[in-house]
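Enquirer: What would the 3D arrangement of this be:
(chains A and B)
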Amino acid sequence: MEFSGQTTIKAPRERVFAFLIDPNLVGRCGPGVESIEVIDDRHFKAKAKVGVGFISARFVINMELAEADAPSHAVIKARGQAPGTAVDATGTMDLAPGDEPDTTVMKWGANVIISGMMASVGARMIEGTANKMIAQTFDCIRAKLEE
Amino acid sequence: MTIDMLGERVKRTEDPKFITGKGRYLDDIQMPGMTHIAILRSPYAHANIRSIDTSAAKSMPGVIAVFTGADIPYNPLPMAWPAGGVAGIRNNINTPRTLATDSVKWSGEGVAAVVAETAEQAHDALEAITVDWEPLPTVVDAEKATQPGAVQLHENAPNNIVFEWTVGDKAGTDAAVDAAEVVVRQRIVNQRLIPNPMEVRGDIGWYNPGTDEYTVWMSSQTPHIQRLLLTAFVTGIPEHKVRCISPDVGGAFGTKIFCYADMALVMFASKAIGGRPVKWVEGRRESYQSTIHGRDHITYLEIAGKRDGTITGLRVKTFANLGGRLSTIGPGIPTTLYGRVLSGCYKIPNVYCEVTGVYTNTTFVDAYRGAGRPEATYVIERAMDLFAAEIGMDRAELRRRNFIAPDAFPYDNPSGLGTASGGAKIYIDSGNYEPAMDMALAAVGYADLAATKAEAASRGKLLGLGFSTYIEVCGVAPSKWIGAVGEGWGAAMWESANIRVHLTGKTVVTVGTQPQGQGHETTYAQVISHELGIPMDDIVIQHSDTLGTPFGYGSYGSRTSSVGMTAAIKAATKIREKARKFAAHMLEASVDDIEIDGPNYFVKGSPDKKKTIQEIAFALDLGFDPPEGMEPYLDETAYWDTPNCTWPFGTHVAIVEIDKETGQVDLVRYLAVDDVGKKINPMIVDGQLHGGIAQGVGQALWEGAVYSDDGQLLSGSMLDYAMPRASWFPDIELHETVTPSPVNPLGVKGVGEAGAIASTAAVSNAVMDALAPLGIRHLDMPYTPQTVWHAIQTAEVSR
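Expert: Down below sits the predicted model:
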């Protein structure tokens, strides 16, 4: 599944970038995240509870900051497992200065592959749910940066 | 006096227990110390396994043991029926292991297992197993999988090809197609189906450390075959150390013929934990991913002939999707049971068929009710309708002109259906196709179809009538045919029965076949009661346990009545002959002078001075006074290898109405004329037809297994897989012609599959008939409202 969008954040680009590559900050915006464990400056592990329709599962997700070109471009790769389900995702964020001073336009894209039980039982609901979760994640990032 | 119940609509004697919840299915079995095993299944459709960490799972509450594939020394599961037919045909075989070791080829393949005190604890502990996966690209479409550049599943199967099998005369068929006045071509898809027996599969393994023996309870159609396969091919455990038992089985439809990894797993696990029994029962969702699927063909058909309606050639190319690894007889289904029956009930001089068996990242595919013959019937019956439309001839008239004539039997078709070992042949032995079609079309009012359509049109409905004139190959099978080297499954397929008439006259019949809901306990008793004159109530039919029943090949291929019951009749004949000899001894008469009437044995002309079979059994079983050379007891075993298959046929007619605005297809009438020979119990025959028809209609209108491009089964539960419901059906009208099969004394042909073989094509042809006025020539199934509505919209835009 491919998702993409764009949002304008009232914060300077350097601050947005710093937020995005800090697992403790960006991680808290992930859907259903319960804990974050930083392994090194490029790798961290999250635990998250995610529900699709009547199915919910607790995922252990290994994340990697795969690309980080300050202050404009970052790619995060994630591979998560839950009982009978696996998720593989790549999130791409491109930051450009906004029209207003101290604003940033974030273009984001996400490629999400869900395998196993959630894919086979939740197929009809999964795209809508994923879309909603991703939107919530980026709303959260904007809100925290604008606090 | 015993009442002869053969041919009567006897209520099924096994039903009271089933409908009052007193059946004993696999999951009803509880044993002291029993443990439960759950299987971790791959979420990925294609991945390498880098490592599996089971340490956390081992310390979970209630967990007794955790296994991965590396722990289990067994061989991969057997391949019992590679594609044959052409000398030296190569099969690139990959079968599953008990648990996958290096890689997984479909979403649902087992990679680890937990044994725990309760099923819940076992499932909970699965969550603590971590697999380090390396996901790989996937392919799910059989045609795409063979193309250059496609993802490769197995090193030994270039282009994902399992086999390339051909049958028939290529040069002759090419010439016939090239020279034909008319050639109709169509790509058709016979979509993948998920079988849905009411009871899912399960096994219990118990290793007895005291005797070094195993007992395996399994929800299976074939306990004797499974004992053979699990011992000689998979585990290496000696056959006499294993007992297999099928308890009550709640439906199967083919899915329970096969040797599955879980059977070996429960054997291994029970021994590994010191001999406690280990139970595994799949969930419905697990069943959808790890028990076999059916059908899944992509076919290019070409039918050639003259404008006068003479069909001169049939050329077919099929891609058969067999899944990520092969199930037990997966390659046999789209080859022998499909390619060799493509010409159906028609005399087509030139037939050529190529089948490519293909690996894809999907669940394995094997026999599902009808097994190859529904796919073949779909091809030929769609082809006949397409050809009739092309030349503007009535569909019935086209069929009439091409039927194999009633005086043409015995008949062998040009795709070599009858090819058997050592140059031997079998033949389609009987048939009379036109009367069955005429009866069906008269009963349904075919002559008034235009008026029926006009009436529906006045209500805003598109009405269509379709039919299929099918034959099938049942009563499988002569061993020389089914076991033919390079063609069949390399084993025999006779059947067995033992009859013991005990001291009290009560009679125990043990058989090698195995019921899954067909009512064998009733029908075998009807037959034996008829043969021996013993009341049905005094006869018990025992089955499905390798201890205490003679070896048999099980129930599938509509074979129990034709093959299994003939073995039982043969055993009954031996009982009668021995009883006759002993009656002669008791009556001080010559054996040749003893006549038999039901249970009574008497000297010719003196029926009053008789001995009943019960009296004979009592005296002979005690054995106080046997004649010279006669062993005590009425106890006889017989084996029967049928000289031929049986060849049921008939015509099924469907009428559908389509709502133009919504695309909704309603089946408004269904009528079938079946010739299944003589009937042991017409009520049970009707039930078999109802069920089979419902399954076939399900394929045409609703059912379909859908995979995403990355190999995820999107129709992974009954929320998304559209099983038919009773309320979606009209009353099914059943008629018959009766042409007794000449190959067995009962004259029966078998009926387990007929409904599923005939009905899909009938409904498909009906939907296409309804849509024909819009210029729609062919749509692939299932005819969901979305598919039909879209086709109507597209047709109307382009007009």
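
Enquirer: Quick check: residues of chain A near chain B?
Expert: Residues of chain A lying close to chain B by C-beta under 8 Å from any C-beta of the partner chain are A:58, A:60, A:81-86, A:88, A:113-117, A:119-121, A:123-124. Where you see a C-beta, it was placed from the backbone N, CA and C, and this is true even at glycine.

Enquirer: I'd like to know which of those are part of helices.
Expert: Those of those mapping onto helices are A:117, A:119-121, A:123-124, per DSSP state H.

Enquirer: Can you tell me which of those residues is closest to residue B:125?
Expert: Nearest to residue B:125 among those, counting by C-beta to C-beta, is residue A:117 at 16.6 Å.

Enquirer: what's near enough to touch the closest one?
Expert: Residues near residue A:117 by C-beta atoms under 8 Å, 6 or more residues apart in numbering or on different chains: A:55, A:57, A:83-85, B:43, B:285, B:716.

Enquirer: In strands only, show me those residues.
Expert: A:55, A:57, A:85 (DSSP state E).

Enquirer: Flag the least confident of those.
Expert: Among the ones in strands among the contacts of residue A:117, residue A:55 carries the weakest pLDDT, at 80.

Enquirer: what about that one, neighbour count?
Expert: 16 (other C-beta atoms under 10 Å in any protein chain shown).

Enquirer: Quick check: mean pLDDT of stretch B:385-401?
Expert: Taken as a whole, stretch B:385-401 has an average pLDDT of 98.

Enquirer: Which residues does that stretch contact?
Expert: Stretch B:385-401 has contacts (C-beta under 8 Å, 6+ apart) with B:182, B:184, B:186, B:303, B:305, B:307-311, B:346, B:384, B:433-434, B:437, B:441, B:446, B:466-467, B:469, B:765, B:768-769, B:772, B:777-778.

Enquirer: hmm, which of those are the buried ones?
Expert: The neighbour count (16 or more other C-beta atoms under 10 Å in any protein chain shown) marks B:184, B:303, B:305, B:309-311, B:346, B:384, B:433-434, B:437, B:441, B:446, B:466-467, B:469, B:765, B:768-769 as buried among those.

Enquirer: near chain A too, which of those residues?
Expert: With C-beta under 8 Å from any C-beta as the criterion, the buried ones among the contacts of stretch B:385-401 include none near chain A.

Enquirer: How is chain B partitioned into domains?
Expert: For chain B, automatic domain parsing gives the domain ranges B:31-136+B:198-252+B:256-290, B:294-478+B:644-798, B:494-640.

Enquirer: Turn those into CSV, including distance to residue A:69.
Expert: Below are the domains of chain B laid out as CSV (distance: least, C-beta to C-beta, whole Å):
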stretch, distance to residue A:69
domain B:31-136+B:198-252+B:256-290, 26
domain B:294-478+B:644-798, 29
domain B:494-640, 63
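
Enquirer: how far is the helix or strand hosting residue B:164 from where the chain is centred?
Expert: In this structure, residue B:164 sits in strand B:161-168 according to DSSP states H and E. Its chain's C-alpha centre lies 22 Å from the corresponding centre of strand B:161-168 when counted by C-alpha atoms, centre = their mean, to the nearest Å.

Enquirer: How about stretch B:468-480?
Expert: With C-alpha atoms, centre = their mean as the basis, stretch B:468-480 stands 12 Å off its chain's centre.

Enquirer: Quote the end-to-end distance of it.
Expert: 31 Å (C-alpha to C-alpha, to the nearest Å).

Enquirer: now the strands for chain A?
Expert: So, for chain A - with DSSP E - the strands run A:2-9, A:33-38, A:43-52, A:55-69, A:73-82, A:85-97, A:104-116.

Enquirer: for the last one, packing partners?
Expert: I take that to be strand A:104-116. Strand A:104-116 sits against strand A:2-9, helix A:13-20, strand A:85-97, helix A:123-146, with contacts defined as 3 or more C-beta pairs under 8 Å, 6 or more residues apart in numbering or on different chains; DSSP states H and E.

Enquirer: go again using 10 Å as the cut-off
Expert: On a contact count with 3 or more C-beta pairs under 10 Å, 6 or more residues apart in numbering or on different chains; DSSP states H and E, strand A:104-116 meets strand A:2-9, helix A:13-20, strand A:73-82, strand A:85-97, helix A:123-146, strand B:130-135.

Enquirer: can you list the ones you listed in a markdown table and add mean neighbour count?
Expert: Converted to a markdown table, the helices and strands packed on strand A:104-116 look like this (neighbours: other C-beta atoms under 10 Å in any protein chain shown):
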| stretch | mean neighbour count |
| --- | --- |
| strand A:2-9 | 14 |
| helix A:13-20 | 18 |
| strand A:73-82 | 20 |
| strand A:85-97 | 19 |
| helix A:123-146 | 16 |
| strand B:130-135 | 17 |
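
Enquirer: Would you single out the least confident of those?
Expert: Among the helices and strands packed on strand A:104-116, helix A:123-146 scores lowest, at a mean of 87.

Enquirer: what's the angle between it and strand A:55-69?
Expert: Angle, helix A:123-146 to strand A:55-69, by axes from the mean of the first three to the mean of the last three C-alpha atoms, to 10 degrees: 50 degrees.

Enquirer: one step back: can you tell me which of the contacts of stretch B:385-401 are in strands?
Expert: Residues of the contacts of stretch B:385-401 located in strands (DSSP E): B:182, B:184, B:186, B:303, B:305, B:311, B:466-467, B:469.

Enquirer: Cheers, nothing more for now.
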